[in-house]
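Trainee: Provide a 3D model corresponding to the input given below.
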Amino acid sequence: MTETKEIETGSFAPTRWLLCPPDSIRVVNWNIDRGSQLQRVIEFLASARADILLLQEADLNAKRTHHTNVAREIAQKLQMNYVFGREFQELIQGTHASPAYHGQATLSRWPLSNFRIIRFQKQSNFWRPHWFVPEIPPFQERIGGRLALVSEANMAGQTITTYNVHLESKGDDSLRCSQLDEVLTDAGRYALNTPAVLAGDFNLDVSTGPAAAAIRHAQFDDAFLNRHAPSTPGSFFESGRIIDWIFTRGPIRAGKQQVHRSVSASDHYPLSIDLAFL
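Mentor: Just a heads-up that it's a prediction; the model follows:
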């Protein structure tokens, strides 16, 4: 395991000796709600047989998830490599001597490299510690901020860049659009013929309005086209929200799109697609 101040990595995938890259891969995007139902999360991910996993809300050493390193646990069980980016330090869930964190994890059956964090410049102040907020659950006093975790999966000579995104839940859409713009600006450093996946919990409907226009301008395509379904469970008052997304760019084509609404291991449903290299 390798650890820096904000990024932790680990390698559990067996070496794969292939002369040519695969014709297609499977990608799963999922907000796993801290990993609070970790066994169910692992069971679904094992059944999905994905090559790349983009997970949001993974805990590390938090009391509420039994001090588990969720990203590492999933990677070990599925025999995958992983990168974990620290989004927040969860002040109520750990101690000064043994801090707890929360963030995004990208896992791959292939080697991961060139990983880095985009810490958004504009953040909500909702999570910051305040003297009048009691230091007990369920209050979530946090240090840090929302981010995108960038990495590259290297598949026998074929590289795909992934942006694992979690936009702010407590701000308004203008804040979320600002954070999305930072991601799309960063994606501009890559040539348009470089395969790229942009996915995560956007906390807004990006099918219309300024967000949709910005994504189109950056030449990302909606992997689900018109096959969307709510990615959060419904209630008596609403049918659920479409806030989890997968976009692609470059010489890849998405197929077999699915929102797995029968999976009840989180307050979000997992999304999966198959990507064919052109």
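Trainee: phi first, then psi, for the nearest residue to residue 209 once chain neighbours are set aside.
Mentor: Of all residues not flanking residue 209 in the chain, residue 173 sits nearest, at 7.6 Å (C-beta to C-beta, 6 or more residues apart in numbering). (C-beta placed from N, C-alpha, C; glycine too.) Note on residue 173: backbone dihedrals following degrees, to the nearest 10 are phi -70, psi -30.
Trainee: now do the same contact list for residue 173.
Mentor: Residues near residue 173 by C-beta atoms under 8 Å, 6 or more residues apart in numbering: 204, 209, 211.
Trainee: and if you look at residue 70?
Mentor: Taking C-beta under 8 Å, 6+ apart as the criterion, residue 70 is in contact with 32, 34, 35, 38, 58, 59, 60, 105.
Trainee: residues contacting the helix or strand where residue 151 lies, please?
Mentor: Taking DSSP states H and E as the definition, residue 151 sits inside strand 147-155. Under the criterion C-beta under 8 Å, 6+ apart, residues 18, 21-22, 25, 51-52, 83, 85, 87, 103-106, 108, 110-120, 159-166, 182-183, 186, 200 lie in contact with strand 147-155.
Trainee: beyond it, next helix or strand please.
Mentor: Sequence order places strand 158-166 as the next helix or strand after strand 147-155, per DSSP H and E.
Trainee: pull the contacting residues for the nearest residue to residue 171 once chain neighbours are set aside.
Mentor: Distance criterion C-beta to C-beta, 6+ apart; nearest residue to residue 171, sequence neighbours excluded, is residue 124 at 4.4 Å. Contacts for residue 124 (C-beta under 8 Å, 6+ apart) come out as 168, 170, 171, 175.
Trainee: and for stretch 218-236, what's in contact with it?
Mentor: Contact with stretch 218-236 is made by 184, 187-188, 192, 196, 198, 207, 215, 239-249, 254, 257, 259, 261, 264, 267-269, 271, 273, as judged by C-beta under 8 Å, 6+ apart.
Trainee: what residues sit buried inside that stretch?
Mentor: By neighbour count on 16 or more other C-beta atoms under 10 Å, the buried set for stretch 218-236 is 218, 220, 221, 222, 223, 224, 228, 230, 231, 232.
Trainee: could I get the CA-only coordinates of that stretch as CSV?
Mentor: As requested, the backbone C-alpha atoms of stretch 218-236 are provided in CSV (Å, rounded to 0.1, in the frame of the first residue of the first chain):
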residue,chain,number,x,y,z
ALA,A,218,-16.4,19.5,-23.7
GLN,A,219,-17.5,16.8,-26.2
PHE,A,220,-18.6,14.2,-23.6
ASP,A,221,-21.5,12.0,-24.5
ASP,A,222,-24.2,10.7,-22.1
ALA,A,223,-23.5,7.0,-21.9
PHE,A,224,-27.2,6.3,-21.1
LEU,A,225,-28.7,8.4,-23.9
ASN,A,226,-32.5,8.1,-23.3
ARG,A,227,-32.2,5.0,-21.1
HIS,A,228,-32.1,6.8,-17.8
ALA,A,229,-34.0,5.8,-14.6
PRO,A,230,-33.9,7.4,-11.2
SER,A,231,-30.7,6.5,-9.4
THR,A,232,-32.0,7.1,-5.9
PRO,A,233,-34.9,5.3,-4.2
GLY,A,234,-38.3,6.9,-4.4
SER,A,235,-40.7,7.8,-1.5
PHE,A,236,-44.4,8.5,-1.1
